[in-house]
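> Return atomic coordinates for the entry below.
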Amino acid sequence: MVVITLQRKKCIGCNYCVEMAPGQFRMSKKDGKSVLLNSTDKKGFHTLKSAENHIFEDCVKAQEACPVKIISTKLV
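Next comes the predicted model:
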């Protein structure tokens, strides 16, 4: 299982996550920040748990590309 976490409030809207993992991230037209698709929000941490292990590599690329280091990706 892949667990992805996004600290959305700290997002600066650089769009790298969308470029690296377009299946999991989108930019909000409302505020210009990243949105982790199908995630749940708990105290500003948006988390997606997915059994689709093939998304792991793209999400790691998004994590590494993020200049403010607000994306966490792990296999559990």
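> going forward, measure contacts and count neighbours with C-alpha atoms only.
OK.
> mind listing the strands for the chain?
2-7, 25-27, 34-36, 40-42, 45-50, 71-75 (DSSP state E).
> Asn15: how many residues sit nearby?
19 (other C-alpha atoms under 10 Å).
> Might you report the residue contacts of it?
By C-alpha atoms under 8 Å, 6 or more residues apart in numbering, the residues touching Asn15 are 27, 34.
> quick one: pLDDT of it?
Asn15 carries a pLDDT score of 98 in this model.
> how about JSON lines for the strands of the chain, with distance to Val18, mean neighbour count and mean pLDDT added?
Shown next, in JSON lines, are the strands of the chain (distance: least, C-alpha to C-alpha, whole Å; neighbours: other C-alpha atoms under 10 Å; pLDDT from 0 to 100):
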{"stretch": "strand 2-7", "distance to Val18": "13", "mean neighbour count": "20", "mean pLDDT": "98"}
{"stretch": "strand 25-27", "distance to Val18": "5", "mean neighbour count": "19", "mean pLDDT": "98"}
{"stretch": "strand 34-36", "distance to Val18": "8", "mean neighbour count": "23", "mean pLDDT": "98"}
{"stretch": "strand 40-42", "distance to Val18": "18", "mean neighbour count": "12", "mean pLDDT": "97"}
{"stretch": "strand 45-50", "distance to Val18": "15", "mean neighbour count": "18", "mean pLDDT": "97"}
{"stretch": "strand 71-75", "distance to Val18": "12", "mean neighbour count": "17", "mean pLDDT": "97"}
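> could you dump the ones you listed to a markdown table with distance to Glu19?
Converted to a markdown table, these look like this (distance: least, C-alpha to C-alpha, whole Å):
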| stretch | distance to Glu19 |
| --- | --- |
| strand 2-7 | 16 |
| strand 25-27 | 9 |
| strand 34-36 | 11 |
| strand 40-42 | 22 |
| strand 45-50 | 18 |
| strand 71-75 | 14 |
